[in-house]
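S.K.: Have a look at this prediction, sequence included:
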Amino acid sequence: MRIGTTLTNYTINKQKGFQGASGTFTGLLNDIAVACKRIADLVNKGDLVGVLGAADTENVQGEQQKKLDVISNDLMIEALQHNGHIAGLASEEMDEIHQLPKGARRGNYLVLCDPLDGSSNIDINVSVGTIFSILKAPEGVENPDEADFLKPGTEQIAAGYCLYGPATILVLTTGDGVSMFTLNRDFGEFLLTREHVRIPEQTAEFAINMSYRRHWDSPVERYISECLEGKDGLRGKDFNMRWVASMVAEVHRILTRGGIFMYPCDAKIRAAGKDGKLRLMYEANPMAMIVEQAGGAATTGTQRILEVAPQEIHQRVPVILGSRAEVERVEAYHG
Ligand code: AHG
Ligand code: MN
Ligand code: MN
């Protein structure tokens, strides 16, 4: 594939390899790209178009929504619901599965998304992103319900994210490696800029919110303490720390220069009756697929994320992902 190929050309070429491909998948990715371009435009304009700040609403997770959380969710719905590529849509920002309007053509895919990840960063002009996961819709189901979406991450057909940073970059896997597309704003196209992305194996960078340290479980405490001991400790090298508070930005850094990202469960999260902070279906699963496709690993600490059997659409899980050797070390500490 030539660098500079458009996302549309890229997916058309991929589809050629599948017998009986109808072009629906290419259409679906195009819809998602349209939504991402519109979100990118608003993120970029910010105060100029009055989209910053809080909305007066909470989502199903009891989190205060930002105006841009709500707008991004609406843009995803608008881009996807009329084109005949999907049968249903689930999102962080909607309690229930979004049903397509009566009469809208149904397609054979299900989409799950986090329309705006890292939205606490939006008002301070730090990178945010959109995460998406694509599943096959069950045959012959007009209006899929929650149970139809509850498939383990291994069943994802494709996954990706769009990072709204200094450049807008869409990262995609369809199960045979990871590719990156950079938005050329002059003519509004995502152009292929990196293929066969591999997470570097030698890394010395970790990302975790250190302010929760007193609540951590012992395997996490042990791993991070050893990193902090640096050259003088068991690891024999100095580590660097980053915490952007946008998972999309953390994963993008890890794809680019390696490292480990951890949002583990801890005593405080458990006391609130939860299993983690990040959501399995539209944060952990798509990121786990991307990371694995780039040669990394993604675990809850005790189980491969992609094999977690989902119980509900907004389910939360502990997330530890990145360079394989580091992730395996944390897993080993979990015994
Ligand atoms: P969202 O904005 O979609 O709710 O997700 C934010 C997530 C994730 O991107 C980030 O890694 C984490 O929450 C940050 O959490 P803390 O504020 O607890 O560090
Ligand atoms: Mn998120
Ligand atoms: Mn979000």
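M.R.: Received the coordinates, thanks. Ligands and ions are numbered 1, 2, ... in the order given.
S.K.: Next up, phi/psi of Ala297, please.
M.R.: Dihedral angles of Ala297 (phi, psi; degrees, to the nearest 10) stand at phi -140, psi 160.
S.K.: Number the residues from 11 up from this point.
M.R.: With 11 as the first residue, the last one maps to Ala307.
S.K.: can you count the residues close to the closest residue to it other than its chain neighbours?
M.R.: Of all residues not flanking Ala307 in the chain, Val337 sits nearest, at 4.0 Å (CB to CB, 6 or more residues apart in numbering). Bear in mind the C-beta positions are built from the backbone N, C-alpha and C, glycine included. Using other CB atoms under 10 Å, Val337 has 22 neighbouring residues.
S.K.: Secondary structure element for Val337, which one?
M.R.: Element membership for Val337, per DSSP states H and E: helix 334-343.
S.K.: same question for that helix, mean pLDDT?
M.R.: Mean pLDDT, helix 334-343: 98.
S.K.: do stretch 133-143 as well
M.R.: 97.
S.K.: wait, what's in contact with the closest residue to ligand 2 within the stretch 111-260 of the chain?
M.R.: Using CB to the ion, the closest approach of the stretch 111-260 of the chain to ligand 2 is made by Asp127 at 3.5 Å. Contact analysis of Asp127 by CB atoms under 8 Å, 6 or more residues apart in numbering lists Val138, Gly139, Thr140, Ile141, Tyr171, Ser256, Met257, Val258, Glu293.
S.K.: Get me the contact residues on this structure for ligand 2.
M.R.: Residues of the chain lying near ligand 2 by CB under 5 Å from the ion: Asp124, Asp127.
S.K.: Pull up the residues of the chain that are close to ligand 1.
M.R.: Applying CB under 6 Å from any ligand atom, one finds that the chain approaches ligand 1 through 73, 102, 124, 127-130, 219, 255-257, 273, 287.
S.K.: Which two among those residues are spaced furthest apart?
M.R.: The span of those, defined through CB to CB, is set by Glu102 and Asn219 at 19.0 Å.
S.K.: the more surrounded of these two?
M.R.: Under the neighbour definition other CB under 10 Å, Glu102 and Asn219 were set side by side, and Glu102 has more, 26 against 13.
S.K.: low-scoring stretches of the stretch 211-345 of the chain, by residue?
M.R.: Scanning the stretch 211-345 of the chain for pLDDT under 70 picks out no residues.
S.K.: gap between the residue of the stretch 211-345 of the chain found nearest ligand 1 and Ile107?
M.R.: Among all residues of the stretch 211-345 of the chain, Met257 sits closest to ligand 1, at 3.4 Å; criterion: CB to the nearest ligand atom. Separation of Met257 from Ile107 (CB to CB, to the nearest Å): 23 Å.
S.K.: what do you get for Ser82?
M.R.: Separation of Ser82 from Ile107 (CB to CB): 18 Å.
S.K.: Please say which of these two ends up with more neighbours.
M.R.: Neighbours per residue (other CB under 10 Å) separate Ser82 from Ile107, with Ser82 holding more: 31 against 20.
S.K.: ok, the more buried one touching Ile49?
M.R.: Yes - using CB atoms under 8 Å, Ser82 is in contact with Ile49, at 4.9 Å.
S.K.: Quick check: neighbours shared by those two?
M.R.: Contacts common to Ser82 and Ile49, judged by CB under 8 Å, 6+ apart, are Pro125, Leu126, Thr140.
S.K.: From Gly246, how far off is the nearest residue to Pro296 once chain neighbours are set aside?
M.R.: Of all residues not flanking Pro296 in the chain, Ala169 sits nearest, at 3.5 Å (CB to CB, 6+ apart). Distance, Ala169 to Gly246, by CB to CB: 35 Å.
S.K.: Looking only at neighbour counts, state which of the two leads.
M.R.: Comparing Ala169 with Gly246 by other CB under 10 Å, the one with more neighbours is Ala169, at 28 against 9.
S.K.: And the helix or strand harbouring the more buried one, what does it pack against?
M.R.: According to DSSP H and E, Ala169 maps onto strand 168-174. Applying 3 or more CB pairs under 8 Å, 6 or more residues apart in numbering; DSSP states H and E, we find strand 168-174 packed against helix 34-55, strand 138-146, strand 178-183, helix 257-267, helix 295-303.
S.K.: Same list (those) but as CSV, adding mean neighbour count and distance to His92.
M.R.: Below are the helices and strands packed on strand 168-174 laid out as CSV (neighbours: other CB atoms under 10 Å; distance: least, CB to CB, whole Å):
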stretch, mean neighbour count, distance to His92
helix 34-55, 21, 9
strand 138-146, 26, 18
strand 178-183, 24, 22
helix 257-267, 23, 27
helix 295-303, 27, 24
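S.K.: is the residue nearest the centre of the chain in a bridge, and if so with what?
M.R.: The chain has Ile141 as the residue nearest its centroid, 3.7 Å off, counting by CA atoms, centre = their mean. Per DSSP bridges, the residues bridged to Ile141 are Asp124, Tyr171.
S.K.: Understood, closing this out.
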